[in-house]
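1. sequence and predicted structure, then a few things I'm wondering about:
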Amino acid sequence: MIVTAKIPLATQGHCDIIDITRDTEKALMESGISSGTVLVFVPGSTAGVTTIEYEPGLKKDLPEFFNTIIPENRGYHHDAAWGDGNGYAHVRAALLGPSLSVPVADRRLLLGTWQQIVVIDFDNRPRSREIVVQITGEQDAG
Amino acid sequence: MIVTAKIPLATQGHCDIIDITRDTEKALMESGISSGTVLVFVPGSTAGVTTIEYEPGLKKDLPEFFNTIIPENRGYHHDAAWGDGNGYAHVRAALLGPSLSVPVADRRLLLGTWQQIVVIDFDNRPRSREIVVQITGEQDAG
Amino acid sequence: MIVTAKIPLATQGHCDIIDITRDTEKALMESGISSGTVLVFVPGSTAGVTTIEYEPGLKKDLPEFFNTIIPENRGYHHDAAWGDGNGYAHVRAALLGPSLSVPVADRRLLLGTWQQIVVIDFDNRPRSREIVVQITGEQDAG
């Protein structure tokens, strides 16, 4: 059984980190699937998905890290060609990756206690996005 | 339903970035699967997979980024032991990762408009590879 | 068909790299599934999963790489708030990611010859973990 849902997001860009754990759990519950896999996928090439402990300190640490290894103004070939100034966002998104798979058992995501699913929007402006949440698995008999 | 296909690639190594979106779509069409998941997997430890906007600027930006954070000649223990000189390629591939999952609905990959699936070959020589494309899902009734 | 297994790990933390390929193959064999996908998932926010050629050189190269780009003592906001001193481990784990999917055909993981599945524990102390191995697929008729 396969259910494909979408989570609409209005992001601020600029390394905005959005916790989508609750929305993912809601999609899982609505699917009725009790065991299987949740695939979270970001359509687009300037945002990515991973897990973190979603707390205020790390919400600063992660952007500082990306600013250090992939600074905004290194002089990207992408920007020279297209003039949209978000070359760094493309490189960061390629590095982080657009897909995350989380196992499900007994109707629950098998996340750690301090582990949340987050989308990081690296673009240089606010964006409206639709994150794909696809649940594949089995329903309980009962 | 599960279909496992392979995409043969002849790469140049040295951060060669190959767009395999069309080949992946072809494998999806041939599978007859209309909704489900496509898993793209790179067998081997010196190449990885992600998505980017496949355009000439980023095809230079990404190699420059990897050369900066994982330079070729930092003096890798792998090279000291094995003498094949591609220690940097192993570290880059471990960081990028060998697997990518893309959701499928209505017979289409749910990619963004400017988002292509790419294999990046980090090795220090041309390579022949077979990328695994595994499609899991349901066929339409019609 | 979906089988969810767990691999218990006692790690040393501090970039301890643990080869879980054999344990993953064992879970696959016990599942009886002959074609499909193995999802390896790390519950928790201070460890990640990827593939490498598991040999002594790279077991030094990868920790040195992470120490260089995400040093232990950069002054993380996470540490200022929580005092547990493992902010760097959270950033490294978010970058590497907690999930890896490997295709299966003919009862075998489609890994490269020199490619092992590894968990990297970035935390700043020994940890007991349970890695989730979820196998989705079909059994042979025979």
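-> Arrived safely. Numbers count the residues shown, from 1 in each chain, chains lettered A, B, ... in the order given.
2. next, count neighbours for residue A:85.
-> By other C-beta atoms under 10 Å in any protein chain shown, the residues close to residue A:85 number 15. All C-beta atoms are positioned from the backbone trio N, CA, C, and that covers glycine.
3. on the three-state scheme, it is what?
-> Following DSSP: H, G, I helix; E, B strand; the rest coil, residue A:85 is assigned to coil.
4. swap in residue A:14?
-> Three-state call for residue A:14 (three-state DSSP): coil.
5. the closest residue to it other than its chain neighbours and residue C:41, how far apart?
-> Nearest non-adjacent residue to residue A:14, counting by C-beta to C-beta, 6 or more residues apart in numbering or on different chains: residue A:124, 6.7 Å away. Look at residue A:124 and residue C:41: by C-beta to C-beta, to the nearest Å, they are 32 Å apart.
6. ok, now residue A:48?
-> 17 Å.
7. ok, residue A:80 next?
-> Residue A:80 is 40 Å from residue C:41, by C-beta to C-beta.
8. between the two, which one's more packed in?
-> For residue A:80 versus residue C:41, the count of surrounding residues by other C-beta under 10 Å is larger for residue C:41: 25 against 12.
9. residue contacts, residue A:104?
-> The contact partners of residue A:104, taken as C-beta atoms under 8 Å, 6 or more residues apart in numbering or on different chains, are A:28, A:33, A:34, A:35, A:36, A:37, A:38, A:110, A:135, A:137.
10. which strands or helices does the top strand by length along chain A pack on?
-> Ranked by number of residues, the top strand in chain A under DSSP state E is strand A:127-138. With contacts taken as 3 or more C-beta pairs under 8 Å, 6 or more residues apart in numbering or on different chains; DSSP states H and E, strand A:127-138 sits against strand A:2-11, helix A:21-31, strand A:35-41, strand A:47-52, strand A:116-121, strand B:35-41.
11. redo the ones you listed as a markdown table? Include distance to residue C:74.
-> Formatted as a markdown table, those follow (distance: least, C-beta to C-beta, whole Å):
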| stretch | distance to residue C:74 |
| --- | --- |
| strand A:2-11 | 26 |
| helix A:21-31 | 27 |
| strand A:35-41 | 29 |
| strand A:47-52 | 17 |
| strand A:116-121 | 19 |
| strand B:35-41 | 34 |
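12. can you get me a residue count around the closest residue to residue A:44 other than its chain neighbours?
-> Nearest residue to residue A:44, sequence neighbours excluded (C-beta to C-beta, 6+ apart): residue B:112, at 3.9 Å. Burial measure for residue B:112: 18 neighbouring residues, criterion other C-beta under 10 Å.
13. give me the pLDDT value at residue B:112.
-> Looking at residue B:112, its pLDDT is 98.
14. same question, residue A:128
-> Looking at residue A:128, the pLDDT reads 98.
15. rewinding a little: for residue C:18, which of the helices and strands packed on strand A:127-138 is the nearest?
-> strand A:47-52 (19.1 Å; C-beta to C-beta).
16. wait, does that closest one contact chain C?
-> Yes: Strand A:47-52 is in contact with chain C by C-beta under 8 Å from any C-beta of the partner chain, via A:50, A:51, A:52.
17. for chain A, what's the longest helix?
-> Criterion DSSP state H: the longest helix present in chain A is helix A:56-69.
18. ok, then the element right after it?
-> helix A:77-82 (DSSP states H and E).
19. got the buried residues for that next one?
-> A:77, A:78, A:79, A:82 (16 or more other C-beta atoms under 10 Å in any protein chain shown).
20. what does chain A have sitting close to chain B?
-> So chain A meets chain B at A:2, A:4, A:39, A:41, A:43-45, A:69-70, A:76-82, A:87, A:90-91, A:93-95, A:97-99, A:101, A:132, A:134, A:136 (C-beta under 8 Å from any C-beta).
21. filter the residues you listed down to the buried ones.
-> A:2, A:4, A:39, A:41, A:43-45, A:70, A:76-79, A:82, A:87, A:90-91, A:93-95, A:97-99, A:101, A:132, A:134, A:136.
22. gap between the worst-scoring helix or strand of chain A on mean pLDDT and the chain center?
-> Here the helix or strand of chain A ranked lowest by mean pLDDT, DSSP states H and E is helix A:77-82, holding a mean of 92. Remark: helix A:77-82 is offset 25 Å from the chain centroid, using C-alpha atoms, centre = their mean, to the nearest Å.
23. that helix - contacts with which helices or strands?
-> On a contact count with 3+ C-beta pairs under 8 Å, 6+ apart, helix A:77-82 meets helix A:87-96, helix B:56-69.
24. what does it rub up against?
-> The contact list for helix A:77-82 (C-beta under 8 Å, 6+ apart) reads A:84, A:85, A:86, A:87, A:90, B:53, B:55, B:56, B:57, B:58, B:60, B:61.
25. so where's chain A uncertain?
-> For chain A, applying pLDDT under 70 flags the ranges A:141-142.
26. all set, thanks.
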